[in-house]
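Trainee: Sharing a sequence plus its predicted fold:
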There are 2 protein chains.
Amino acid sequence: MRSPILNIQPSNCHNCRMSALCLPLALDSSSLDRLDKVIERGRPIHKNKYIFHGGDPFRAVYAIRSGAVKSFCISDDGSEQVTGFYLPGEIFGWDGIDNNTHSNTATTLETTALCEIPFARFEEISRTMPILQKHFMRLMAKELTSDQELIGLLAKSSAEERVASLLLSLSSRLKRQHLSATQFRLPMSRADIGNYLGLTVETVSRVFSRFQSFDLILCDKKEIEIINLNGLSALAHKPKV
Amino acid sequence: MRSPILNIQPSNCHNCRMSALCLPLALDSSSLDRLDKVIERGRPIHKNKYIFHGGDPFRAVYAIRSGAVKSFCISDDGSEQVTGFYLPGEIFGWDGIDNNTHSNTATTLETTALCEIPFARFEEISRTMPILQKHFMRLMAKELTSDQELIGLLAKSSAEERVASLLLSLSSRLKRQHLSATQFRLPMSRADIGNYLGLTVETVSRVFSRFQSFDLILCDKKEIEIINLNGLSALAHKPKV
DNA sequence: CGTATGTTTGACCGTCGTCAATTGTAGTGG
DNA sequence: CCACTACAATTGACGACGGTCAAACATACG
């Protein structure tokens, strides 16, 4: 039984150290208060719990205070397709906006604390706060560009490039949180990584081994240390042709 | 030099037969008028012309009245990655919302007529028309889910499944426009298809040949006729494992 | 008519998926 | 605490799918 990890449970957006990430806004104090009142701060959720299921009615989007989340959808044939990994300060759940129904399922990869932003109430207050509306469209657009990066990755890259790119993405996103960019713990399994990157578990495992033999990373199960960041970047952006 | 292709040039949204697709909204007549006034209806553009470049400042999103458009981004190594094909009634250009800069480049695949929706003015009027704001968020969410379908396709499918899925996607989108779902002309080259689907030109060409030998389609260069729609669907959704 | 570009087809080979076996890890209950 | 089981990760052998290289052909454009 863990853990005092989350003793810094924020009571509002003002004192949440993540707000610089999920609300990079110039909101005056009273506007922030109004936004603050609609946000529901949940207690930490255990690993492998569902946040919403595909088909659920769309109620809210979610910001991560701590922990990690994966989202995936079920394709026609019943197989999973991981569509994203989300880290603290990031927002997920947009997929429900059209049709008012979630197309994805979201689960926790480890103990996770969320802020729930009920969409109906958000829409109300955003009517009087245009900046908030624009901000949310920008967040959605960010999600779009990150999806497109993934598309580029899947369409063109080799297994090594894909894994290198994922590691670098995680690294830079952790850095944004003022955490180490070179030493971290992967919240997801090899199978999740493979599914996300369009590779099999075996291939992912082999690539990790190869990266170690090249002295690019050290890795003990889920603990990662990036030793040669430049080398990894070179691999990730390796020109094809 | 004008082409008489588009003699049904609509003068406003009221009489545009595409409005049911790009504006599936319950707008009263006066609201539609206000929206109508900000939309700039351009003259037809020739094939292979740029609509915007990656890096351009974000000014507007675009609805297609006729023709076809592809969008692509340039990756670090200078290579193109096609991110989408757009047909009449569809809207593109969202990629510019975050950073106020387009990350993609968009070009016409054939002679194309566009409606330009200046984003700044759109934001103004959407403040007093919440339904419009929600509608645009839904359009962005649609783009998100379609990107995620592509991700699923790229991550898991074989060459045949990818090509079959693209053909079916085009087919159903043409059907939405009340055009034939089984006989149409591909607006894009084999190279574009390959780039989009993460395949080489040669593989795309081979798959087309194979589909013909299986009597799934008839195809003369860019003219396509789907003979066995069910068979094609079966191929597209072929369960892996 | 000549050149550039797009498409098709063939032969070959490398990467990654498949199948299989082994080891390591985590969670459960005795 | 250890035994037991279920699951995660690693490693090897093999083969298929699709990429690469090359050549032939068709089409578009000046």
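Mentor: Great, that's in hand. Numbers count the residues shown, from 1 in each chain, chains lettered A, B, ... in the order given.

Trainee: host element of the closest residue to residue A:87 other than its chain neighbours?
Mentor: Nearest residue to residue A:87 in three dimensions, chain neighbours excluded: residue A:173, at 5.3 Å (CB to CB, 6 or more residues apart in numbering or on different chains). (C-beta placed from N, C-alpha, C; glycine too.) For residue A:173, the host element (DSSP states H and E) is helix A:159-176.

Trainee: Pull out the buried positions in that helix.
Mentor: A:159-171, A:173-174 (16 or more other CB atoms under 10 Å in any protein chain shown).

Trainee: now do stretch A:27-46
Mentor: A:27, A:31-32, A:35-36, A:38-39, A:41, A:44-45.

Trainee: Also stretch A:52-64?
Mentor: Of the residues in stretch A:52-64, those with enough neighbours to count as buried (16+ other CB under 10 Å) are A:52, A:54, A:56, A:58, A:60-64.

Trainee: Pick out the most distant pair among those residues.
Mentor: The widest separation within the buried residues of stretch A:52-64, taken as CB to CB, falls between A:54 and A:63 and amounts to 20.7 Å.

Trainee: Residue A:207: neighbour count?
Mentor: Summarising burial for residue A:207: neighbours were counted as other CB atoms under 10 Å in any protein chain shown, giving 24.

Trainee: Run through the residues that contact it.
Mentor: Residue A:207 makes contact with A:159-160, A:163, A:199 under the criterion CB atoms under 8 Å, 6 or more residues apart in numbering or on different chains.

Trainee: so which helix or strand takes in it?
Mentor: For residue A:207, the enclosing helix or strand under DSSP H and E is helix A:201-213.

Trainee: immediately after that helix, which helix or strand?
Mentor: Taking DSSP H and E as the definition, the helix or strand that follows helix A:201-213 towards the C-terminus is strand A:217-220.

Trainee: and the next element down the chain from that next one?
Mentor: Moving toward the C-terminus from strand A:217-220, the next helix or strand (DSSP H and E) is strand A:223-226.

Trainee: Find out how far the top helix by length along chain A is from the centre of the chain, if you would.
Mentor: With residue count as the measure and DSSP state H as the assignment, chain A has helix A:130-156 as its longest helix. Between the centre of helix A:130-156 and the centre of its host chain there is 12 Å, according to CA atoms, centre = their mean, to the nearest Å.

Trainee: Run through the bridge partners of the spatially most central residue of chain A.
Mentor: What sits nearest the mean C-alpha location of chain A, by CA atoms, centre = their mean, is residue A:86, with 1.2 Å. On DSSP bridges, the residues paired with residue A:86 through beta bridges are residue A:69.

Trainee: wait, does the helix or strand bottoming out on mean pLDDT in chain A contact chain B?
Mentor: None of the helices or strands of chain A scores lower by mean pLDDT, DSSP states H and E than helix A:19-22, at a mean of 76. No - figure legend: helix A:19-22 not in contact with chain B (CB under 8 Å from any CB of the partner chain); closest approach 14.1 Å.

Trainee: Which elements pack onto the helix or strand that that helix is followed by?
Mentor: Once the chain leaves helix A:19-22, the next helix or strand it forms, by DSSP H and E, is helix A:29-38. Taking 3 or more CB pairs under 8 Å, 6 or more residues apart in numbering or on different chains; DSSP states H and E as contact, the helices and strands that helix A:29-38 lies on are helix A:119-128.

Trainee: Let me know whether the helix it packs on sits next to chain B.
Mentor: Yes - using CB under 8 Å from any CB, we find that helix A:119-128 touches chain B at A:123, A:126-127.
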